[in-house]
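Colleague: I'll drop the sequence and a predicted model, then ask my questions.
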Amino acid sequence: MDLAKKIRNVVLASALIGGGLVGVVNAQEVPKKFNIPERFNDYTSTTPIIYSLLMGDYLLEAHDYDMDGDYKMDVGELYIPGNPQPLFYGFDLNRNGTFGSDEVLTDKSQDGLNGNEEWLVPKLIV
Ligand SMILES: [Ca+2]
Ligand SMILES: [Ca+2]
Ligand SMILES: [Ca+2]
């Protein structure tokens, strides 16, 4: 193998490793305490569909993520415009393409998905 090829392979390999590391750093891990399936981890690596949504008198910004490309949304985020972090997170736990009130986390402090969220409808612990 000539030197140029060797260098190119090293650069490619480190780019791949670098990309992987960046992916890990940026991964949006869903806090384990909510018992949300692991398939929802790293959902932010999917490009969201972004649109405005009128809820009552409030205009919110929705970010919908279709992680597996089946045109059903898997994760949804609702932002108060101007705030960099969502107020609501929806996880399509029953895979029906919509977010029921029992599939939504509220983040009153709007500081990212870090475990201080609450279920919109409190879960029964059995
Ligand atoms: Ca989907
Ligand atoms: Ca659902
Ligand atoms: Ca939070």
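Modeller: Cool, the structure landed. Residues are numbered from 1 along each chain as shown. Ligands and ions are numbered 1, 2, ... in the order given.

Colleague: report the closest residue of the protein relative to ligand 3.
Modeller: In the chain, the residue that lies nearest ligand 3 is residue 107 (4.1 Å; C-beta to the ion). Backbone N, C-alpha and C define where each C-beta goes, glycine included.

Colleague: all strands for this structure, in order.
Modeller: 49-55, 58-65, 75-79, 88-91, 104-106, 118-119 (DSSP state E).

Colleague: re earlier: for the residue of the chain closest to ligand 3, give me its contacts.
Modeller: 85, 86, 87, 88, 89, 113, 116, 117 (C-beta atoms under 8 Å, 6 or more residues apart in numbering).

Colleague: who wins for most neighbours among these?
Modeller: Neighbour counts for the contacts of residue 107 (other C-beta atoms under 10 Å) peak at residue 89, which has 26 neighbours.

Colleague: distance check, the closest residue to residue 90 other than its chain neighbours against residue 28.
Modeller: In space, and not counting its chain neighbours, residue 90 is closest to residue 99: 3.1 Å by C-beta to C-beta, 6 or more residues apart in numbering. Distance, residue 99 to residue 28, by C-beta to C-beta, to the nearest Å: 17 Å.

Colleague: more crowded one of those two?
Modeller: residue 99 (22 against 16).

Colleague: that one: what's it in contact with?
Modeller: Counted by C-beta under 8 Å, 6+ apart, residue 99 has contacts 73, 76, 90, 91, 92.

Colleague: switch to 7 Å and redo it
Modeller: 76, 90, 92 (C-beta atoms under 7 Å, 6 or more residues apart in numbering).

Colleague: next, count neighbours for the first one.
Modeller: A total of 23 residues lie near residue 76 under the criterion other C-beta under 10 Å.
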